[in-house]
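A.B. asks: Here is my input, please return the structure:
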Amino acid sequence: MASENRFGFEWDLYSKLNPQYELQFKNWVGPLGPADFKDKVVLDAGCGMGRNSYWALKWGAKRVVAFDFDERSVTATRKNLKEFSQAEVSFGSIYDIAWENEFDIAMSIGVIHHLKDPQRALANMVRALKPDGTLLLWVYSYEGNEWIPKFVDPVRKHITSKLPVQVVYWLSYGCSVPLWFYTRLYQGTKPYIHQLSRSTLSQIHNIVFDQLIPTVANYWRKSEVFDLVNQLEVKNISVQHPLNNSGWTVLAIKK
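C.D. replies: Down below sits the predicted model:
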């Protein structure tokens with residue numbers, strides 16, 4: 001799980017919570033909202049630095065269990081969730097989830113598309129859900145991001161994923177600085193570009209760096225995402241673009 005270890009460097013570096021993260025969380029989980037998390041028991045699989053768990057707790061979750069496969073990420077999450085007595089944070093792999101019929105919501109935001117065996121991870125998440133519990137995912141989409149697989153992904157696959165993350169961190173400024181200027185000069189009509197126009201250089205650099213470091217990154221078509229989830233013991237599958245049109249938000253109910 002090399003990608004996870006590379007992300008640990010990122011979440012150690014970018015561990016500070018930002019109020020803008022609530023807008024991102026709303027985009028990723030919509031059409032779910034605060035009322036859907038209130039009094040729920042939530043699993044955050046691949047929690048990173050804990051920002052999604054944070055907003056689930058702020059929205060009134062009864063209990064949130066968050067885990068990641070990197071100690072630096074776990075440390076950052078514990079720090080960010082320290083105000084919540086109902087938060088449990090641990091080191092663990094999404095391939096070794098031991099819970100069964102435990103959670104109302106099992107969510108994984110920005111993780112599944114980086115895994116070599118996404119089917120195994122998803123089956124574990126579904127098993128952890130209570131009957132009629134909600135599977136919630138956000139993954140990269142091919143539709144709307146065709147330029148990334150065409151131009152960026154070859155660079156990631158053949159060059160930056162093989163370099164030390166410290167080197168990629170500095171190289172990323174070669175893309176993030178022009179992108180930062182671009183979003184200020186041309187906000188355009190696309191929701192995601194408009195959202196980026198309100199981001200700091202540090203936040204944009206984080207996004208660019210995040211794109212360049214993983215060893216695995218899948219940009220799935222809608223039909224591919226549906227087929228991936230349809231193999232699970234779930235019903236009522238919904239695959240749709242989030243509010244900022246930046247990926248796929250996936251919802252399904254455990255049978």
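
A.B. asks: which residues make contact with stretch 48-57 from outside it?
C.D. replies: Under the contact criterion Cβ atoms under 8 Å, 6 or more residues apart in numbering, stretch 48-57 has outside partners 7, 11, 14-15, 17-18, 21-22, 24-25, 28, 37, 42, 44, 47, 64, 66, 68, 73, 76-81, 84, 86-87, 89, 105, 107, 109-110. In this view, the C-beta of every residue, glycine as well, is placed from N, C-alpha and C.

A.B. asks: at 6 Å what do you get?
C.D. replies: Residues outside stretch 48-57 that contact it (Cβ atoms under 6 Å, 6 or more residues apart in numbering): 11, 15, 17, 21-22, 25, 37, 42, 44, 47, 64, 66, 73, 76-77, 80-81, 84, 109.

A.B. asks: for stretch 70-88, same thing?
C.D. replies: Here stretch 70-88 makes contact (Cβ under 6 Å, 6+ apart) with 4-5, 8, 11-12, 15, 17, 47-50, 53-54, 57, 63-66, 68, 89, 91.

A.B. asks: Show me which parts of stretch 79-92 are buried, residue by residue.
C.D. replies: By neighbour count with 16 or more other Cβ atoms under 10 Å, stretch 79-92 contains the buried residues Asn80, Leu81, Phe84, Ala87, Val89, Gly92.

A.B. asks: same thing with stretch 22-32?
C.D. replies: Buried positions in stretch 22-32, judged by neighbour count with 16+ other Cβ under 10 Å: Glu22, Gln24, Phe25, Lys26, Asn27, Trp28, Val29, Gly30, Leu32.

A.B. asks: Going by distance to Asn245, which of those residues wins?
C.D. replies: Distances from Asn245 to the buried residues of stretch 22-32, taken as Cβ to Cβ, are shortest for Asn27 (9.0 Å).

A.B. asks: doesn't Gln240 make contact with the closest one?
C.D. replies: No: Asn27 lies out of contact with Gln240 (Cβ atoms under 6 Å); the separation is 11.6 Å.

A.B. asks: How is the chain divided into domains?
C.D. replies: Here the domain parsing of the chain from automatic domain parsing is 2-142+217-254, 147-212.

A.B. asks: Just give the number of residues close to Leu232.
C.D. replies: Using other Cβ atoms under 10 Å, Leu232 is surrounded by 18 other residues.

A.B. asks: and it, that one's in a helix?
C.D. replies: No: counting by DSSP: H, G, I helix; E, B strand; the rest coil, Leu232 is not found in a helix; it is coil.

A.B. asks: quick one: low-confidence parts of this structure?
C.D. replies: 1-4, 187-189, 244 (pLDDT under 70).

A.B. asks: follow-up on the earlier one: point out the most buried one among the domains of the chain.
C.D. replies: Among the domains of the chain, judged by mean count of other Cβ atoms under 10 Å, the one packed with the most neighbours on average is domain 2-142+217-254 (a mean of 19).
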